[in-house]
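> All I have is the shape, not the residue letters:
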């Protein structure tokens, strides 16, 4: 996709991504203006990052889907019977990576996350 008039946003994202500091950046705006496309452009340019799409589904299904996708991205073998162990491995590996995550419109709360991990 060609971006017209989005150079400023792309440059800001690249500056933040290449920074040596730990940073948290929120990209927000109304629907259908290209937020996800900006992130895709950055991922394509840097060859780093992953997009996790949020869906209106149970926390357990979301967690399993996200975990399998992250495991694949981080080259971790995933087996459903060892989920808790795998979450720890994924958490350790992801700490060393720059992260670009687009979680879409749906999120889950921490209590749901903790109960799904059990």
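Sure, I can see it. Quantities reported herein were computed from a predicted structural model and do not represent experimental measurements.

> where along this structure do the helices fall?
Along the chain, the segments classed as helices by DSSP state H run 7-18, 35-46, 59-73, 83-95, 110-117.

> Using TSV, lay out these together with mean neighbour count, mean pLDDT and distance to residue 24.
All C-beta spots, glycine's among them, are computed from the backbone N, C-alpha and C. Supplementary listing: the helices of the chain in TSV, determined by neighbours: other CB atoms under 10 Å; pLDDT from 0 to 100; distance: least, CB to CB, whole Å:
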stretch	mean neighbour count	mean pLDDT	distance to residue 24
helix 7-18	13	89	9
helix 35-46	16	87	14
helix 59-73	16	85	18
helix 83-95	13	78	14
helix 110-117	12	56	17
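
> do you know which of these lies nearest residue 26?
When the helices of the chain are compared for distance to residue 26 using CB to CB, the nearest one is helix 35-46, at 10.1 Å.

> circling back to that earlier point, Throw the helices of the chain into JSON lines and include distance to residue 27, thanks.
Converted to JSON lines, these look like this (distance: least, CB to CB, whole Å):
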{"stretch": "helix 7-18", "distance to residue 27": "8"}
{"stretch": "helix 35-46", "distance to residue 27": "5"}
{"stretch": "helix 59-73", "distance to residue 27": "19"}
{"stretch": "helix 83-95", "distance to residue 27": "20"}
{"stretch": "helix 110-117", "distance to residue 27": "22"}
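
> out of the ones you listed, which comes closest to residue 52?
Proximity to residue 52, assessed across the helices of the chain by CB to CB, is greatest for helix 59-73 (5.2 Å).
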